[in-house]
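**Q** With the sequence up front, the predicted model follows.
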Amino acid sequence: MTHHDKKGAGRFEPRIVAFFCNWCTYTAADLAGVSRLKYAPNTRVIRVMCSGRVDPQFVLDAFSRGADGVLLGGCHPGDCHYAEGNYKTLRRMRLLERMLKDMGVSDGRFRLEWISGAEGEKVKTVVNDMVAKVRALGPLDLPGKFKDWDSELEGLARSVHASSKEAAHVR
Amino acid sequence: MSAKPKVGFYWCASCGGCEEAVVDLAEGVLDVVAAVDIVLWPVAMDFKRSDVEGMADKSMTVCFINGAVRTSEQEEMVRMLRKKAQFVISFGSCANSGGIPGLANQFSKETILKFVYEDCPGVDNSARTRPQTRMKDEGDRSLHLPVFRDMVRSLDQVIDVDYYLPGCPPTPKLIMGGVQALLSGKLPAKGTVLSPDVALCDECPRKDSKPTDLALTEFKRPHLAPIDPEKCILAQGFLCMGPATRSGCEALCVKGNMPCSGCFGPTSKVRDQGAKLVSCLAGSIAAKETPEIDKVLSGIPDPVGSFYRYGLPKSMLKRRIDN
C-alpha cells in the first residue's frame, strides 16, 4: 500500500489507526454506518473492549509501523462500562501526548475523543476533522525514516565484511 | 596453542563503569582469568586495532562489548569483533539499549556539535572550529578522525548479539552467572537477557508496603523531599521505575533508599519501556479531571529523560523524529 491515492492525482491519503472501545465509540461507528453517514475512509478501526486496554505502546507501535495518525475513542467520563477504564486512559494519554511532543511527533497526529454509542454524528465529525488535519501535516512515514537513518551504516557493513579473515584451520 | 577459551572485552560509548564491574568481581576475577585467555581488553592491557585485525575469524570464544555505538570507529570495531568471536555478549545498559549516551537521540547531530564546540559555557572557540574527519598537519601528515554518526545505536542495532547482561553496570553476580554458563556450555536460547524475567517490584524488600491502588496525588523528586526508608518509594510519590524494569539487581538502589531508575531495561513482555512506564505510573494517578491530572503530571518535568533514561535508541521511535 502506498501513501498516495492512485486515483486522486497523488493526493496524500493519511492512514489513521483508530482504537475504538466496544461499548461506546465502536457502537457509534456502527451507528454512523447504519445511518449511512458519509465520512473519510482513512481510518483502520481496531475494536478493543475498553479504551483503558490501549497501552501507550500500541500508539507508538502504530506510528512506528506506518500510521500517520492514531485516534483513540472511548466512553465519556462516568460512562465507562468498567467504571474507571477511561480515567486511566485519560491520565496515560495526557502524559503520552507530552512525550510524543518531546519526540517530535506533531500535535494532531494523536487524538483522544469520548464518543458515546449514540453519537454516530460525532464519529463522522471527528474522523473528517482528523483526516483533514493529518493530511495537512503530511506523511509521518516512520518505516521510511528508519530505513533512511540506517543508510549511514551500509558503507562499513560492506567494507568490514570484505576484509574478513577466513581461517579454516581454526574451529 | 592454548586450549583455554579466548575472551575479549571491548568498550564503545560508555563511561567505563562496565569495565569497573569486571574488576568488581574481586577475587572472582582470578577464577575467570585462570580459566580463560584474555586476548583483548584495551582498558586494562595494551591492544591495538591491528591485533584484532590479525585474529582469525571465530578464534575468540566470547567477546563482551559494553557501550553504545555512535562513531564509525566503534561501529567498525564491533563489526570486526563480531567476525572474530563465536559469542558476542552485549554488556550493560549502553550496549543493550543505548544507555545514558542514547539520550543524545533527543537532539540532532548539528545541535550537539554546535553546543559542544561553540555555545557551551567555558568554550573559547571564536573561529568556530569543528573537528574534521580528515586533515593535514604542517608536516603534511594526514590525520583521520572517526565519523560522528547521526544517532546513537544499541549494539544489536549494528551487529548480531548472542546474549545480554543488563545493568548500569551489570552486577558481579550476574556477570559470574553469565561467564559460568558460557564456560560450562550450558547456554540458554540465543537472545536471552541473563537476568530474571520479572519486574523489579517482585524482588523489592518494600514490596509488602505497596498498596493495590497507588492513587498518586503528586510526583516528587528525590533531591527535593525526604524518602521514608521503609515504605514503597513509588507509593510515596517518587518516580520509581520498578514496575516496568527487569529484576536481577536485587533492588540495589531501593536498598540505598533511592528509587529505581530503570537501568535493567524491560522484561521480555515489554517492547517499549518508556511507554510501559507511562502506562503504569500515569495510570496510577488518583485525579479524574484533566486540569488535576496535568497538575500531578507536572511533577514529571522530563518524561523522555525519565522513562527512556537507559533506552531511547531501543524505543519504538528510536530518536526524536523531526531531527
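**A** Cool, got the structure. Numbering: from 1, shown residues only, chains lettered A, B, ... in the order given.
**Q** right, and the helix or strand after the helix or strand harbouring A:Glu113?
**A** For A:Glu113, the host element (DSSP states H and E) is strand A:110-114. The first helix or strand that comes after strand A:110-114 along the chain, using DSSP H and E, is helix A:120-137.
**Q** just the strands in chain A please.
**A** A:16-21, A:43-48, A:69-74, A:110-114 (DSSP state E).
**Q** Please name every helix or strand in contact with the second one.
**A** With contacts defined as 3 or more CB pairs under 8 Å, 6 or more residues apart in numbering or on different chains; DSSP states H and E, the secondary structure elements packing on strand A:43-48 are strand A:16-21, helix A:25-34. Backbone N, C-alpha and C define where each C-beta goes, glycine included.
**Q** In PDB, list the C-alpha atoms belonging to the longest one.
**A** The C-alpha coordinates for helix A:25-34 follow below in PDB (Å, rounded to 0.1, in the frame of the first residue of the first chain):
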ATOM      1  CA  THR A  25     -17.200   4.500  20.200                       C
ATOM      2  CA  TYR A  26     -17.300   1.300  18.200                       C
ATOM      3  CA  THR A  27     -21.100   1.200  18.600                       C
ATOM      4  CA  ALA A  28     -21.200   4.900  17.500                       C
ATOM      5  CA  ALA A  29     -19.100   4.000  14.400                       C
ATOM      6  CA  ASP A  30     -21.600   1.200  13.800                       C
ATOM      7  CA  LEU A  31     -24.500   3.700  14.200                       C
ATOM      8  CA  ALA A  32     -22.800   6.000  11.700                       C
ATOM      9  CA  GLY A  33     -22.700   3.100   9.300                       C
ATOM     10  CA  VAL A  34     -26.300   2.100   9.600                       C
END
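**Q** How far off centre is that helix?
**A** Distance of helix A:25-34 from its chain centroid, counting by CA atoms, centre = their mean, to the nearest Å, is 20 Å.
**Q** Grab the CA positions of the strand holding A:Glu113 and hand them over as PDB.
**A** The C-alpha coordinates for strand A:110-114 follow below in PDB (Å, rounded to 0.1, in the frame of the first residue of the first chain):
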ATOM      1  CA  PHE A 110      -2.700  11.600  18.100                       C
ATOM      2  CA  ARG A 111      -6.200  12.300  19.300                       C
ATOM      3  CA  LEU A 112      -8.300  11.100  22.200                       C
ATOM      4  CA  GLU A 113     -12.100  11.500  21.900                       C
ATOM      5  CA  TRP A 114     -15.000  10.500  24.100                       C
END
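**Q** what pLDDT, on average, does that strand get?
**A** In this model, strand A:110-114 has a mean pLDDT of 98.
**Q** any idea of the angle that strand forms with helix A:120-137?
**A** 170 degrees (axes from the mean of the first three to the mean of the last three CA atoms, to 10 degrees).
**Q** Given strand A:110-114, what are its sheet partners and their directions?
**A** strand A:69-74 (parallel) (DSSP bridges).
**Q** Tell me the gap between the partner strand and the middle of its chain.
**A** 7 Å.
**Q** same check, this time on stretch B:185-194
**A** For stretch B:185-194, the distance to the chain centre is 19 Å (CA atoms, centre = their mean).
**Q** How about residues contacting it?
**A** B:96, B:161-166, B:174, B:177-178, B:181, B:246, B:265, B:268 (CB atoms under 8 Å, 6 or more residues apart in numbering or on different chains).
**Q** What parts of the stretch 101-250 of chain B come near chain A?
**A** Residues of the stretch 101-250 of chain B found near chain A (CB under 8 Å from any CB of the partner chain) are B:106, B:149-151, B:158.
**Q** Which parts of chain B are helices?
**A** B:17-23, B:28-35, B:49-54, B:72-84, B:93-97, B:109-114, B:172-184, B:252-255, B:273-277, B:283, B:290-297, B:303-307 (DSSP state H).
**Q** Name the residues of the fourth one that are buried.
**A** By neighbour count on 16 or more other CB atoms under 10 Å in any protein chain shown, the buried set for helix B:72-84 is B:72-84.
**Q** ditto for the second one
**A** Within helix B:28-35, the residues that count as buried by 16+ other CB under 10 Å are B:29, B:32.
**Q** now for it, which elements pack on it?
**A** By 3+ CB pairs under 8 Å, 6+ apart, helix B:28-35 packs against helix B:172-184.
**Q** Would you point to the one among the strands of chain A that's packed deepest?
**A** strand A:69-74 (a mean of 28; mean count of other CB atoms under 10 Å in any protein chain shown).
**Q** same question for it, mean pLDDT?
**A** Strand A:69-74 carries an average pLDDT of 98.
**Q** and what of stretch B:174-193?
**A** In this model, stretch B:174-193 carries a mean pLDDT of 91.
**Q** go on, stretch B:16-23?
**A** If you average the pLDDT values across stretch B:16-23, you get 91.
**Q** Pretty sure B:Ser298 is one of the things B:Ile285 touches, is it not?
**A** No: between B:Ile285 and B:Ser298 there is no contact under CB atoms under 8 Å: 11.6 Å.
**Q** These two: which has the busier surroundings?
**A** More neighbours surround B:Ile285 than the other of B:Ile285 and B:Ser298, with 26 against 11 (other CB atoms under 10 Å in any protein chain shown).
**Q** Count the neighbours of residue 91 for me.
**A** Chain wasn't specified; assuming chain A. For A:Arg91, using other CB under 10 Å, the count is 28.
**Q** you looked at the wrong chain, it should be chain B
**A** Neighbour tally, B:Phe91, other CB under 10 Å: 32.
**Q** ok, now which ones touch it?
**A** Counted by CB under 8 Å, 6+ apart, B:Phe91 has contacts B:9, B:18, B:64-66, B:165, B:170.
**Q** mind redoing it with 10 Å?
**A** The contact partners of B:Phe91, taken as CB atoms under 10 Å, 6 or more residues apart in numbering or on different chains, are B:9-11, B:14, B:18-19, B:21-22, B:63-67, B:155, B:161, B:163-167, B:169-170, B:175, B:178.
**Q** Same question for B:Arg153.
**A** B:Arg153 touches A:149-150, A:152-153, B:12-13, B:68-70, B:74-75, B:78, B:98, B:102, B:105, B:159, B:313-314, B:318-319, counting by CB under 10 Å, 6+ apart.
**Q** Over to B:Ser126?
**A** Neighbouring residues of B:Ser126 by CB under 10 Å, 6+ apart: B:Glu118.
**Q** Any stretches of the chain with poor pLDDT?
**A** Looking at chain A here, since you left the chain open. Applying pLDDT under 70 to chain A flags residues A:1-9, A:163-171.
**Q** please go with chain B instead
**A** B:1-2.
**Q** Would you map the strands across chain B?
**A** Under DSSP E, chain B gives strands at B:6-11, B:37-40, B:60-66, B:69-71, B:85-91, B:134-136, B:142-144, B:148-153, B:163-165.
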